[in-house]
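Engineer: Pasting the sequence and the predicted model now:
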2 protein chains.
Amino acid sequence: MTTVALDLLGGDGAPGVVADATATLLAVAEHQGLRLVLVGPVDVARSQLIARGVDPDRVTLLPAPCAVSMDVQPLDVVRTDAQREVAETTVVVAARAVRDGIADAWVSVGHTGASVAAAVLTLGRISGMHKPALAVVVPALARPVVLLDVGATPSASVSALTQFAFAGAAFARAVGVESPAIGLLTIGSESGKGDELRIEADAQLAAELTAAGLNYVGPVEGFDITRGSIAQVIVTDGFTGNVVLKSIEGAAAWSAHRIGQAYGDPGPARGVVRQAASGSFAGGLVLGVDGVTVVGHGAGTAAQVIGCVELAQRAVEQNLIGNVRDALETQT
Amino acid sequence: MTTVALDLLGGDGAPGVVADATATLLAVAEHQGLRLVLVGPVDVARSQLIARGVDPDRVTLLPAPCAVSMDVQPLDVVRTDAQREVAETTVVVAARAVRDGIADAWVSVGHTGASVAAAVLTLGRISGMHKPALAVVVPALARPVVLLDVGATPSASVSALTQFAFAGAAFARAVGVESPAIGLLTIGSESGKGDELRIEADAQLAAELTAAGLNYVGPVEGFDITRGSIAQVIVTDGFTGNVVLKSIEGAAAWSAHRIGQAYGDPGPARGVVRQAASGSFAGGLVLGVDGVTVVGHGAGTAAQVIGCVELAQRAVEQNLIGNVRDALETQT
């Protein structure tokens, strides 16, 4: 059995959307080897579950009085010990549940920066990875693509990008993408294109990944992310990755709308985009911390929360953290 | 009449694709107030036109022996006077045609960096804009969106982003987007999010645009590019913009494929994406140079080349260069 702690108060639709997801998950949880821990105010959790016809005793309830505010600076989350209200937020309590062995993984669809900070500061870093990366699996045309970082480290150095590449390759294998080709997101596929960071990173990635026996294919472009043919791990800094991921989300919504109009029936078009959005694409895995942490889309639906929990379960079952640790050891 | 010089040798499908576009354009050119100048080897131009049943005398042929190589460093294009073969490439000859008054605008679907360099160094910069920006019109859901820079200046400073905002607003008005709201592309819409460049740029944009009477709406996110509701001018550096534009292109292709499958008939889905790609989205306008320059997609179709020529014609008719110059004067 895999135990996943779920932040009841994370996301725009909380607690209702999270409770909806919990009710749906519980219907099949035992069969799928899943146990749930709901992290939030116990009275809210109980009443939300009862309102959905779910016996609250089927879930472990872990008390946490409040959500982290969207205004909080990420580092305040656990460092400001004086602020008891921050230290007792759902993200910190959920991360602590993993640290203390109460859960195998934790999931929040709330404040990304705060969740990443809670993960780093509560669970600790993995040796060999100095900055965390948020990695998503994009359902590309040829093969799924692991894109990272999509927002944990907005300004990444060359060595951070190199560490992301090793961790991303381990994540790809954990989600079933064997022998991934690894590419660096830049502009133009010729060597020497891009900004200074990319030009320097390209050389270091080529040297270090090749030395470790990994398949580095060099620079890739924006359209390669949803193609999946040239690279199945695409590395970038958290600023670019976040903007790109949201641009892809927007372009898919644009396409669903316009293409649905062209067929005179929007249903199937919306269905395709909704299905992609609630698959492994629904949440990002925080790589570089010592415990499985999934951060989902703040505006997410119940289907997306379920996608996040399934991703967390899969990462535990595939021993993701161990694989990432091994990959980073190969590097050094 | 507007005269557009077209690079016969630019792009992966040259010269055939450019000749196809020329033949199609000539059928309606006079009616639409368009004159064409074809820039390339005269014998190639003649034989390509004759093969399409077009009388070569209907087009002005401007001799240029060869295309710029994809390997060339942008600054070599016109600076290395010793290299006659570079100084006589189609992009330089086309830009010179605009400088010398032979044409009102020029278009290439070849090497973006070389085209931008040829424009800057042949036509000169507009006062008040220190770095060029490539601007595209994205056919967003609510209203069209001008996105810039998409690749002319990969590493942009705060002052460059500010100049892009002024120029982008002038471009938006020239393509019919009145009173555009202007946003800064970043991660998270709260102030203070993003990397250092964005945090600093947000403050300067707010001060300078507001002082000039423009409508600055602050930080916007990736999905706002194809929504068009919050901002109609979206400013970013050339690295991010190029990656984002190509990511949107890839996501639209992904959507057309998957959604087309869902309906069991890919035709209409492909048609929507193809139509968007060959509209104003087909090419970027180089802002900050003293002459209308449109750079199109290297892998473009004849329809996309036509889209680029139409964009160039529109920019001339709307006095884009004058508008950009006026906008930058407002700034100082």
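Structural biologist: Happy to help now that I have it.

Engineer: what residues does the stretch 101-250 of chain A put near chain B?
Structural biologist: A:113, A:140-141, A:151, A:154-155, A:185-188, A:190, A:193-196, A:198, A:221-227, A:236, A:238-240, A:242-250 (CB under 8 Å from any CB of the partner chain). Backbone N, C-alpha and C define where each C-beta goes, glycine included.

Engineer: please redo it, this time with the cut-off set to 6 Å
Structural biologist: Within the stretch 101-250 of chain A, the residues that sit near chain B (CB under 6 Å from any CB of the partner chain) are A:141, A:151, A:154-155, A:185, A:187, A:195, A:221-223, A:225-226, A:239-240, A:242-244, A:246-250.

Engineer: Where does the residue in the stretch 1-150 of chain A positioned nearest to chain B sit: helix, strand or coil?
Structural biologist: Using CB to the nearest CB, the single residue of the stretch 1-150 of chain A nearest to chain B is residue A:141, 5.8 Å away. Using DSSP: H, G, I helix; E, B strand; the rest coil, the structure places residue A:141 in coil.

Engineer: list the contacts for it?
Structural biologist: A:227-228, B:254 (CB atoms under 6 Å, 6 or more residues apart in numbering or on different chains).

Engineer: That one and residue A:220: what is the separation?
Structural biologist: 14 Å (CB to CB, to the nearest Å).

Engineer: Check residue A:272 too.
Structural biologist: 24 Å.

Engineer: how about the longest helix along chain A: buried residues?
Structural biologist: Of all segments of type helix in chain A, defined using DSSP state H, the longest is helix A:238-263. Neighbour-count burial for helix A:238-263, counted by 16 or more other CB atoms under 10 Å in any protein chain shown, picks out A:238-260, A:262-263.

Engineer: likewise stretch A:11-26?
Structural biologist: Going by 16+ other CB under 10 Å, stretch A:11-26 has these buried residues: A:11, A:13-15, A:17-26.

Engineer: so where's chain A uncertain?
Structural biologist: A:70-86, A:189-192, A:332 (pLDDT under 70).

Engineer: Could I get the full set of strands for it?
Structural biologist: Under the criterion DSSP state E, chain A contains strands at A:2-7, A:34-40, A:60-63, A:105-108, A:133-138, A:145-148, A:181-185, A:215-220, A:233-235, A:283-287, A:292-296.

Engineer: Nearest the geometric middle of chain A, what residue?
Structural biologist: Against the mean C-alpha coordinate of chain A, by CA atoms, centre = their mean, the closest residue is residue A:284 at 1.1 Å.

Engineer: For the residue nearest to that residue when sequence neighbours are not counted, which residues count as its bridge partners?
Structural biologist: Among residues not flanking residue A:284 along the chain, residue A:134 sits closest, at 3.9 Å (CB to CB, 6 or more residues apart in numbering or on different chains). Residues in a beta bridge with residue A:134, per DSSP bridges, are residue A:286.

Engineer: Residue A:134 touches residue A:156, doesn't it?
Structural biologist: No: contact between residue A:134 and residue A:156 fails when scored by CB atoms under 6 Å: they sit 11.7 Å apart.

Engineer: and the two? which has more neighbours close in?
Structural biologist: Ranked by neighbour count (other CB atoms under 10 Å in any protein chain shown), residue A:134 and residue A:156 place residue A:134 first, with 29 against 26.

Engineer: quick one, what contacts that one?
Structural biologist: By CB under 6 Å, 6+ apart, the contact set of residue A:134 is A:149-152, A:284, A:286.

Engineer: Good, wrapping up.
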